[in-house]
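Participant: take this sequence and fold it.
(2 chains)
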Number of protein chains: 2
Amino acid sequence: MAQSENPDHKRWMSFALSLAETAAAIDEVPVGAVIIMNDKIVSTGLNLKESTKTVTKHAEIVAIEAACRKLNTWRLNNCKLYVTLEPCMMCCGAIYQARIDEVIYGSTDPKGGCLESLYSIHQDQRLNHNFTATKGVCADQSAALLRGFFKMKRGK
Amino acid sequence: MAQSENPDHKRWMSFALSLAETAAAIDEVPVGAVIIMNDKIVSTGLNLKESTKTVTKHAEIVAIEAACRKLNTWRLNNCKLYVTLEPCMMCCGAIYQARIDEVIYGSTDPKGGCLESLYSIHQDQRLNHNFTATKGVCADQSAALLRGFFKMKRGK
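Facilitator: Numbering: from 1, shown residues only, chains lettered A, B, ... in the order given. Presented below is the predicted three-dimensional model:
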């Protein structure tokens, strides 16, 4: 079975997609993220960049900061991050510094993604932490959500 | 005159160094940052990763988030960021996405820096914003502060 067909991955990614839909409903680029440890939700995040007028508030950062608060540590070892879109450079930097073990993502971001599109940060041996990356989980749903959002924005 | 000898650069970097000293006093890796627009301070930041137990709270991110709050926008065009240490990947990602025009930094970070050491993010033409980077401003003071901090930590 391809990792992108893993039922656990699909289950958590569906949850991340529902967060992305919530982001779209408040006029944010629809991206959602969930952090899981031992098959339980540690934290969730949705893109809040426009609502908070803060450049750092991508879904992944919102989820990572919430996980740090909940676990009372900046070390997120043994955590998996599910995110509907390939993470950008800022988010990849936060992910490796938080020691997250695994990132599972949906659609690719050719313009800004840093796990396959522009860089492969998770495999950079010079960094003090590497992690596995699984792509393409519910990718079609994520891509459709993003396409619909930008089409709606252009139509305004 | 070398840009690293520019009196304005030295003036603001001295201020960033005082923030780095404050970080050391609360047992944080001593890094400080200041954001300047039109020769005025917009915001300041010091490394708060341990105190807040939050992986994202590097000096640059603290300063960028404070600047977004103050200016009520995530777009920090026409801003300069002074930081005592070469920024990491996460911070470089936040810097280019915030459209910051110029980064002036002190010492280099061979293990994690992304403006000369591991990558040259500011010059990556594939990203939607590039910025200038000036290195070596008050580099000796910054390096001495970091060396002293880690020596003290090892001695504990």
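
Participant: pLDDT of the longest helix along chain A, averaged?
Facilitator: Ranked by number of residues, the top helix in chain A under DSSP state H is helix A:7-25. For helix A:7-25, mean pLDDT is 97.

Participant: next up, the contacts around the closest residue to A:A16 other than its chain neighbours.
Facilitator: Using Cβ to Cβ, 6 or more residues apart in numbering or on different chains and skipping residues adjacent in sequence, the residue nearest A:A16 is A:G32, 4.2 Å away. Placement of C-beta: from N, CA and C, glycine included. Neighbouring residues of A:G32 by Cβ atoms under 8 Å, 6 or more residues apart in numbering or on different chains: A:15-23, A:44-47, A:59, A:83-84.

Participant: around chain B, pick out the residues from chain A.
Facilitator: Applying Cβ under 8 Å from any Cβ of the partner chain, we find that chain A lies next to chain B at A:49-50, A:52-56, A:61, A:64-65, A:68-69, A:72-76, A:88-94, A:96-98, A:111-112, A:118-119, A:121, A:124, A:126-128.

Participant: which among those count as buried?
Facilitator: The neighbour count (16 or more other Cβ atoms under 10 Å in any protein chain shown) marks A:49, A:52, A:54-56, A:61, A:64-65, A:68, A:74, A:76, A:88-94, A:96-98, A:112, A:118-119, A:121, A:124, A:127 as buried among those.

Participant: from these, which land in helices?
Facilitator: Counting by DSSP H, these place A:49, A:52, A:61, A:64-65, A:68, A:89-94, A:96-97 in helices.

Participant: low-scoring stretches of chain A, by residue?
Facilitator: Within chain A, the segments meeting pLDDT under 70 span A:156.

Participant: if you set the cut-off to 80 instead, what comes out?
Facilitator: Scanning chain A with the threshold set as pLDDT under 80 gives A:1, A:156.

Participant: tell me which residue is most central in it.
Facilitator: A:V83 (2.5 Å; Cα atoms, centre = their mean).

Participant: who's in contact with that residue?
Facilitator: Neighbouring residues of A:V83 by Cβ under 8 Å, 6+ apart: A:16, A:31-34, A:59-60, A:63, A:91, A:103-106.

Participant: confirm that it sits in a strand.
Facilitator: Yes. Per DSSP: H, G, I helix; E, B strand; the rest coil, A:V83 lies within a strand segment.

Participant: what's the distance between the closest residue to it other than its chain neighbours and B:V29?
Facilitator: Spatially, and ignoring its direct neighbours in sequence, A:V83 is nearest to A:A33 (4.2 Å; Cβ to Cβ, 6+ apart). Distance from A:A33 to B:V29, counting by Cβ to Cβ, to the nearest Å: 27 Å.

Participant: also A:K49?
Facilitator: Taking Cβ to Cβ as the measure, A:K49 falls 27 Å from B:V29.

Participant: got it, and A:H9?
Facilitator: Distance from A:H9 to B:V29, counting by Cβ to Cβ: 36 Å.

Participant: A:C88 too?
Facilitator: The value you get for A:C88 to B:V29, if Cβ to Cβ is used, is 24 Å.

Participant: again with A:W74
Facilitator: To B:V29, A:W74 is 12 Å away according to Cβ to Cβ.

Participant: can you check A:R69 too?
Facilitator: Note on A:R69: its distance to B:V29, by Cβ to Cβ, is 21 Å.

Participant: with only the CA atoms kept, save stretch A:49-66 in CSV.
Facilitator: Provided in CSV are the C-alpha atoms of stretch A:49-66 (Å, rounded to 0.1, in the frame of the first residue of the first chain):
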residue,chain,number,x,y,z
LYS,A,49,-2.2,35.2,8.4
GLU,A,50,-4.7,37.7,7.2
SER,A,51,-7.0,37.6,10.2
THR,A,52,-4.1,38.2,12.6
LYS,A,53,-2.2,40.4,10.1
THR,A,54,0.8,38.4,11.2
VAL,A,55,3.1,36.9,8.6
THR,A,56,4.1,34.0,10.8
LYS,A,57,0.6,32.6,11.4
HIS,A,58,0.6,29.7,8.9
ALA,A,59,-1.4,26.7,9.8
GLU,A,60,1.8,24.7,10.7
ILE,A,61,3.2,27.4,13.0
VAL,A,62,-0.2,27.9,14.7
ALA,A,63,-0.3,24.1,15.4
ILE,A,64,3.4,23.9,16.5
GLU,A,65,3.0,26.8,18.9
ALA,A,66,-0.2,25.3,20.3
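
Participant: ok so, going back, residues shared between the contacts of A:W74 and B:V29?
Facilitator: Residues touching both A:W74 and B:V29 (Cβ under 8 Å, 6+ apart): B:K49.

Participant: A:N128 is in contact with B:K111, isn't it?
Facilitator: Yes. Counting by Cβ atoms under 8 Å, A:N128 touches B:K111, with 7.1 Å between them.

Participant: which of the ones in helices among the buried ones among the residues of chain A next to chain B sit farthest apart?
Facilitator: Greatest spacing in these, by Cβ to Cβ: A:T52 and A:Y96 (24.0 Å).
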